[in-house]
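>>> Below is the sequence, then the predicted model.
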Amino acid sequence: MAHEHDHKEFQPDTEGPDLTETQLREIAMRELLIEKDVLTADQIRVQVEAWEQKTPALGGKIVARAWEEPDFRNRLLEDGTAAVVEYDVGMGDLELKVIENTPEVHNVVVCTLCSCYPRTILGLPPAWYKSFNYRRRVVREPRTVLAEFGTELPADVEVRVHDSTADLRFLILPLRPEGTEGMSQEELADLVNRDSMIGVSLPRNPS
Amino acid sequence: MNQKTNPADIGGEPGGPIETDEHELAFWEWRVDAMNQLMRPVGANLSNTHEGRRAIEALGEDYEKLNYYERKLYSLQALLIEKDVFTGAEFDAKLAEVRGRYEKA
């Protein structure tokens, strides 16, 4: 989902008189860090803008290319961290592991301990990914959870759940939908929704 | 069931329905995220992924009571006090000042 602001409104959540305790604490933290010369207001603004611009579209582009170019697919699966460097998305000191779905095995990602996520490629994680109930349940009853996301898998397809760590982030390379031969990489990328790269859904079928 | 020592260790516990609605972050949430990122080695170098996680897990019983970015905010506060970036008294004084300013508004 694109992140859309109404740019005419200037930070309504710090203008009104009804700030929550948490909002007051955020303001206190920010002002203290600025006064202590740890951060500048500008650094915070630039950082927010940079993260707002990160969307799952980059992941879709990478997946579409992997579907079309076997060499790239192989590099991606062999060493995800190295393969995405050319997209200017450094993983920092983290490792990216790309896992390929096959007709026999479907993969899904969670971070049971927190919210670890390949955010440099997909943007910030959706709320449900960080929710207690997703973290609790997907490791115990992945098929049920997938069904709740509208993803019904045949009984003979094995489901594997991958639990992320602070150091290791997973990206799912979904199965290419049928009937997409001859489509351009751009068209293919449009079929790759965020949730299919987390593994709770499948890419869209071409209309 | 074994005694749980890490409040974040919830994988495999029974749970209810997963709320799948998209949630647009509030401005304060974006800024908490930004401040956390800016503490990393490539920024102010006051924290890293592991220290951040340790500080969140140290929230203990508050872990379940706070929402996601509240956990990030409260744990960052504890971490920065631990690292003598500011004292607890300085934070409290700042918070009181901010509260006074916005309550008057």
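On my side now, so go ahead.

>>> When you work out contacts or count neighbours from here on, use the C-alpha atoms and nothing else.
Fine.

>>> Just the pLDDT for the residue nearest to residue B:16 when sequence neighbours are not counted.
Excluding its sequence neighbours, the residue lying closest to residue B:16 (C-alpha to C-alpha, 6 or more residues apart in numbering or on different chains) is residue A:133, at 5.9 Å. On pLDDT, residue A:133 comes in at 97.

>>> cool, and the one 5 residues further on?
Residue A:138 is assigned 98 on the pLDDT scale.

>>> Distance check, it against residue A:160.
To residue A:160, residue A:138 is 10 Å away according to C-alpha to C-alpha, to the nearest Å.

>>> ditto for residue A:76
19 Å.

>>> The closest residue to residue A:147 other than its chain neighbours: what secondary structure?
Computed as C-alpha to C-alpha, 6+ apart, the closest residue to residue A:147 that is not its neighbour in sequence is residue A:153, at 8.0 Å. At residue A:153 the chain is in coil, as set by DSSP: H, G, I helix; E, B strand; the rest coil.

>>> how deep is residue A:43 tucked in, by neighbour count?
Using other C-alpha atoms under 10 Å in any protein chain shown, residue A:43 has 15 neighbouring residues.

>>> and if you look at the one 4 residues further on?
Taking other C-alpha under 10 Å as the criterion, the count of residues near residue A:47 is 18.

>>> Where does chain A get nearest to chain B, residue-wise?
Relative to chain B, the nearest point of chain A is residue A:136 (4.2 Å; C-alpha to the nearest C-alpha).

>>> hang on, the earlier thing: give me the neighbour count for the residue nearest to residue A:147.
13.

>>> cool, and residue B:76?
23.

>>> buried ones in stretch A:77-97?
Across stretch A:77-97, burial judged by 16 or more other C-alpha atoms under 10 Å in any protein chain shown covers A:77, A:80, A:81, A:83, A:84, A:91, A:95, A:96, A:97.

>>> Check whether the last one sits in a helix, strand or coil.
This points to residue A:97. Criterion first, three-state DSSP; result for residue A:97: strand.

>>> Next, the contact list for it, please.
Applying C-alpha atoms under 8 Å, 6 or more residues apart in numbering or on different chains to residue A:97 gives the contacts A:77, A:79, A:80, A:81, A:168, A:169, A:170, A:171.

>>> Next: residue B:46.
B:39, B:40, B:80, B:83.

>>> Phi first, then psi, for it.
phi -110, psi -10 (degrees, to the nearest 10).
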